[in-house]
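Engineer: Give me a 3D structure for the following:
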Amino acid sequence: MDKHLTEGTFSLGGRTGEGLDDMHNSLMMTRVARVLFATAILVGSVSVLLSEVRLGTYGLIHGLSPAYFVSIFLLTISFLITVRYNAANRLLLFAHLLVVTVLLYAVAGFLEGTARFPYVYHVYGHTDFIIRQGSIDTTLTYQSWPALQYFGASAVQLLDLSPTSLLMSYPIIMKLLTIPLLYLLLRLVLKDQRFVWIALWLYLVAGWVNQQYYTAHSFGYFAFLLIIFLMVLVIVRKLELGTVRNGALFIVFALVFGAVITGHLLSSIVALACLGTVYILLKTKRVPGFSFLMPGLLAALLALWLLNPAGYLFDSFFDSQPPPSESSTVDGGDTEQGLAPVEDGTFPERPPLDVTGGATRPYPTTPWEVFAHAISAAFGQGAEHSRVMYVKASFTAAFTLLALLGLLWMLARRRLDFRLGIVVAILSGLLASMLIVGNYSGEIVSRIFSYALPFLAVFAAMAMRSRVLAVVGLLFIFVAPLLFVVAAYGNEKFDYIAPVEIAATEHFHQHAPENSIIYSLGQRIWDMRNIEGHSRLRLTLDGLCRPVRAGESVYVVRGQRDIEAYEYMVRPVAADKLDQVHDCRYYAQVYSSEGFGLFRRQGA
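Structural biologist: Okay, here's the model as predicted:
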């Protein structure tokens with residue numbers, strides 16, 4: 001075996017192998033761990049029944065039963081005991097990872113009964129388009145990267161799924177699929193299995209960013225991890241065995257990379273950057289056998305990327321729909337963007353295309369502007385939103401610091417072997433990718449953190465080899481679930497989609513005439529159906545009762561969730577002005593349920 005592939009052993013702050021020779025003690029602790037594991041499952045199940053949807057300053061945590069956190073605490077103790085005394089029991093450890101994944105990532109779905117995030121309904125709108133039309137239209141933004149939409153359309157049709165079923169099941173399925181993939185990847189870079197399990201646990205409890213919901217990013221993220229796994233597998237196997245099948249490698253990489261660039265362009269750019277930095281490491285270390293393989297691979301992937309204007313590859317294989325007419329919109333706006341109110345307070349002219357204001361949005365172009373944009377977006381909105389963002393930032397900083405301390409400890413002790421050097425190269429590639437996609441907006445910061453999370457978890461786990469850092473790491477492991485809930489579900493006043501919103505949206509799309517205009521404070525989920533056929537504009541409260549042009553089909557939303565979400569992210573709403581819609585002679589209420597009203601405005 002290559003000399004670069006050696007590694008030390010696990011200690012958790014004690015002497016190597018301490019206590020492992022005492023078979024009686026080991027068996028006793030294993031039984032304790034199993035009892036705690038069973039108790040954690042029971043308490044966790046009961047805690048969900050005792051919890052409710054009550055959204056406070058820090059989101060969903062206000063409605064969670066204390067038993068929920070007790071169950072995670074017991075599960076954590078059981079997991080650590082199992083790692084310490086019975087690390088060979090992979091089935092039991094995978095069971096721990098499964099349970100903590102369900103507790104942390106599925107609790108909102110259990111309580112709310114709907115898929116979170118308004119944005120995923122917008123993405124589903126593109127899936128709905130493919131279901132209805134049987135093809136794509138690359139003039140609609142996200143159909144330029146249609147891999148996820150085709151997957152979703154196939155799942156809906158083959159399994160007869162409702163939109164809610166697809167959107168709720170997709171995130172947890174993707175998270176569960178990611179765990180075994182990361183296990184295989186981490187086994188390649190960590191020789192001691194106990195570090196692998198702790199890194200996986202840290203990945204789950206620190207992964208508040210959770211961008212594996214139904215979006216193109218989740219599809220690209222999984223493909224990115226698969227590309228990294230294949231790359232590391234080839235390097236390690238070549239160093240161990242002295243040869244790999246180059247032809248098979250090119251085919252597999254081309255297929256996976258082709259999938260990622262047709263599913264999420266950013267993930268393909270990030271993957272390409274990581275491949276480049278790993279190749280630099282191989283050249284720097286003068287590792288034999290990659291002189292022609294890696295450059296050829298990079299050239300092939302770069303060519304595949306450059307030849308693909310994303311969805312236009314699909315556009316040549318399927319009959320695309322014609323561009324939308326000037327009476328329809330390309331996309332909906334978000335709560336910050338939209339049509340500016342006119343001076344007299346009347347409804348603005350209907351726009352010919354996109355109403356998001358995206359064409360004039362000032363995107364950052366340098367790394368400093370990226371971070372400035374991210375900070376402005378994070379802390380420049382509602383007061384409650386800013387409080388949650390402080391928790392997210394602190395949580396992220398603490399996890400990153402733990403990983404950095406683990407890396408520095410490895411460097412100081414000269415224990416950073418070649419395999420861990422590959423992890424450092426991957427992290428360097430992720431940082432370099434921020435320079436490549438600097439104009440992606442400040443959102444790139446959270447995206448890069450999600451890509452880096454499993455690799456930061458490697459060094460956070462390695463910190464446990466130091467007695468002092470092991471104490472810090474254990475403290476983080478026990479506190480992390482509490483911070484996770486606040487960070488992941490703290491914005492639930494905006495992210496929560498009430499069942500009545502889905503029912504009202506379905507009613508609108510079933511009864512509204514084609515090319516109707518709907519005014520609401522925020523985009524919410526109005527484009528989950530017929531994404532190409534209606535205009536979704538931001539509501540201006542002045543002039544609600546002024547007449548509109550004859551023949552126009554205009555709807556106005558007066559929904560409590562719409563108001564709460566807008567006030568949480570932006571500013572207070574003049575509800576008295578919005579209530580004019582109830583008494584105005586120009587409106588007829590066409591839907592009413594649980595604090596949600598949909599009003600149709602009659603033409604003059």
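
Engineer: centroid residue for this protein?
Structural biologist: The residue lying closest to the centre of the chain (CA atoms, centre = their mean) is Q211, at 0.3 Å.

Engineer: So that residue is in contact with I448, correct?
Structural biologist: No - counting by CB atoms under 8 Å, Q211 sits too far from I448 to count as a contact (11.0 Å). No exception for glycine: its C-beta is placed from N, CA and C like everyone else's.

Engineer: What average pLDDT does the helix of greatest length in the chain get?
Structural biologist: If you go by DSSP state H, the chain has its longest helix at helix 383-412. Per-residue pLDDT over helix 383-412 has a mean of 92.

Engineer: after that helix, next one along is what?
Structural biologist: Moving toward the C-terminus from helix 383-412, the next helix or strand (DSSP states H and E) is helix 418-436.

Engineer: quick one: low-confidence ranges for the stretch 451-600 of the chain?
Structural biologist: Within the stretch 451-600 of the chain, the stretches with pLDDT under 70 are 534-551.

Engineer: quick one: the strands in it?
Structural biologist: Secondary structure of the stretch 451-600 of the chain, counting by DSSP state E, counting those that start in this stretch: strands at 517-520, 535-538, 554-559, 587-593, 596-601.

Engineer: quick one, which of those strands is nearest to D579?
Structural biologist: D579 lies closest to strand 554-559 among those, at 7.3 Å (CB to CB).

Engineer: Identify the neighbouring strands of that closest one in the sheet and state each direction.
Structural biologist: Here strand 554-559 is paired, per DSSP bridges, with strand 517-520 (parallel), strand 596-601 (antiparallel).

Engineer: returning to that earlier point: okay, buried residues for the longest helix of the chain please.
Structural biologist: The neighbour-count check on helix 383-412 (16 or more other CB atoms under 10 Å) flags 384-385, 388-389, 391-392, 395-396, 398-400, 402-403, 405-407, 409-410 as buried.

Engineer: ok now do the residue nearest to the centre of the chain, which residues does it touch?
Structural biologist: 217-218, 221, 446-447, 450 (CB atoms under 8 Å, 6 or more residues apart in numbering).

Engineer: show me the contacts for the residue nearest to L483 when sequence neighbours are not counted.
Structural biologist: Distances taken as CB to CB, 6 or more residues apart in numbering put F395 closest to L483, at 4.4 Å, once the chain neighbours are dropped. With CB under 8 Å, 6+ apart as the criterion, the residues that contact F395 are 206, 208, 480, 483-484, 486-487.

Engineer: Between helix 418-436 and the longest helix of the chain, find me the angle.
Structural biologist: 140 degrees (axes from the mean of the first three to the mean of the last three CA atoms, to 10 degrees).

Engineer: what's the spacing between helix 383-412 and its chain's center?
Structural biologist: In terms of CA atoms, centre = their mean, to the nearest Å, the centre of helix 383-412 is set 18 Å apart from its chain centre.

Engineer: With stretch 232-240 instead?
Structural biologist: 30 Å.

Engineer: And for R585, the neighbour number?
Structural biologist: 8 (other CB atoms under 10 Å).

Engineer: Equivalent analysis for P513, please.
Structural biologist: With other CB under 10 Å as criterion, P513 counts 10.

Engineer: How about the one 5 residues further on?
Structural biologist: Summarising burial for I518: neighbours were counted as other CB under 10 Å, giving 23.

Engineer: Then Y587?
Structural biologist: 21.

Engineer: Tell me how far it lies from S65.
Structural biologist: The spacing between Y587 and S65, counted by CB to CB, to the nearest Å, is 43 Å.

Engineer: returning to what we had before: dump the strands paired with strand 554-559 to CSV, plus distance to V581.
Structural biologist: Formatted as CSV, those follow (distance: least, CB to CB, whole Å):
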stretch, distance to V581
strand 517-520, 10
strand 596-601, 5
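
Engineer: how long is stretch 487-502 end to end?
Structural biologist: End-to-end span of stretch 487-502 (CA to CA, to the nearest Å): 25 Å.

Engineer: mind checking how far that stretch is from the chain centre?
Structural biologist: For stretch 487-502, the distance to the chain centre is 15 Å (CA atoms, centre = their mean).

Engineer: mind listing what's buried in that stretch?
Structural biologist: Buried residues in stretch 487-502 (16+ other CB under 10 Å): 487-498, 500-502.

Engineer: Out of those residues, which sit inside helices?
Structural biologist: Per DSSP H, helices hold the following members of the buried residues of stretch 487-502: 487-489, 492-495, 500-502.

Engineer: which pair in these spans the largest distance?
Structural biologist: A487 and V500 (27.3 Å).

Engineer: got the contact list for V189?
Structural biologist: So V189 contacts 232, 419-420, 422-423, 458 (CB under 8 Å, 6+ apart).
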